[in-house]
Structures are given as structure tokens and as C-alpha cells.
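>>> Return atomic coordinates for the entry below.
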Amino acid sequence: MTAFELYLAPGQENFGLMTALDIEKHLEETGLINRVFSLKDELVKGWVANPSTYPEELKTKRVLLWGSKQICHGDGSDPRDVEFAHLIWYQNRVLERWLWLVGVFSDGSPTLLRQS
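Here you go, the predicted model:
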């Protein structure tokens with residue numbers, strides 16, 4: 001049994017697009033925000049430290065980590081001031097990258113949730 005599941009907000013399904021702000025709002029409204037992973041979670045740290053453990057099903061996706069958000073500029077009241085982490089598979093490594101809250105995401109960018 002895996003310790004995680006991949007989740008798409010309804011607007012992301014079937015090649016749909018959703019803004020990061022709308023995805024985050026959906027996660028908060030449904031309570032799923034309480035199950036999101038961050039860069040500090042042992043599972044994620046293990047994948048970064050030992051890429052051979054990174055699941056095949058994640059290698060073609062941009063995996064959103066809503067538990068890792070940071071304010072980069074200003075006071076965070078503007079979405080362009082806030083970014084959140086994601087993982088990508090690149091050249092046999094798991095890379096941690098950051099995305100702005102103003103981005104738009106499709107079904108290739110699921111949220112990583114703890115198994116319910």
C-alpha cells in the first residue's frame with residue numbers, strides 16, 4: 001500500500017485548467033489541505049535523497065506540494081508574492097522547484113496527498 005495518493009481538483013480533470021489559487025481554495029474548502037505533503041515530509045525527503053525510490057507514476061508529472069508555501073516579496077497579500085513547492089523528475093533526479101500562486105495547472109499537475 002502506498003502512503004500517498006495523487007489528487008486532481010475537479011477543474012483539472014479531462015485536460016481542464018485551474019489556477020493555483022483556485023486549486024488551493026478547493027483544497028481548503030474540502031478539507032483536503034490537511035492531507036497535503038511538504039518538502040519537510042520524510043517520504044518526500046527520501047525521494048529527493050534516493051531518487052531510485054521515486055515512484056514511476058510520478059515521473060511524468062509535476063507533483064504539487066501545497067504544504068510548502070513561502071512569501072517571496074511583500075506581505076503575501078498579492079498572489080504574485082507567494083510561491084509553493086513541486087517535484088519534477090529530471091535526468092534521473094527528483095528536483096524541488098517553486099511555482100507562483102498565479103500559475104495555471106492541468107491534469108499533469110496533481111496534488112500529493114497522504115492516503116486517507
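
>>> Look through the protein and report the residue furthest from the middle.
In the chain, residue 74 marks the outermost C-alpha relative to the chain mean, sitting 23.1 Å out by C-alpha atoms, centre = their mean.

>>> Against residue 99, how distant is it?
17 Å (C-beta to C-beta, to the nearest Å). Every residue, glycine included, has its C-beta placed from N, CA and C.

>>> picking up where we left off before, just checking, the residue farthest from the centre of the chain touches residue 81?
Yes. Using C-beta atoms under 8 Å, residue 74 is in contact with residue 81, at 4.3 Å.

>>> list the residues that contact both of these two?
Listed contacts common to residue 74 and residue 81 are nil; contacts here mean C-beta atoms under 8 Å, 6 or more residues apart in numbering.

>>> Strands of the chain, residue ranges please.
4-7, 18-19, 63-71, 82-90, 93-100, 104-105, 111-114 (DSSP state E).

>>> Looking at this structure, which helix is longest?
Across the chain, the longest stretch assigned as helix under DSSP state H is helix 20-30.

>>> same for that one, what does it pack against?
The contact analysis (3 or more C-beta pairs under 8 Å, 6 or more residues apart in numbering; DSSP states H and E) places helix 20-30 against strand 63-71, strand 104-105.

>>> Mind checking those for the one nearest to residue 18?
With C-beta to C-beta, the closest approach to residue 18 among the helices and strands packed on helix 20-30 belongs to strand 104-105: 6.0 Å.

>>> pLDDT on the closest one, on average?
Averaging pLDDT along strand 104-105 gives 92.

>>> Give me the contacts around that strand.
With C-beta under 8 Å, 6+ apart, strand 104-105 has contacts from 12, 17, 18, 19, 20, 23, 62, 64.
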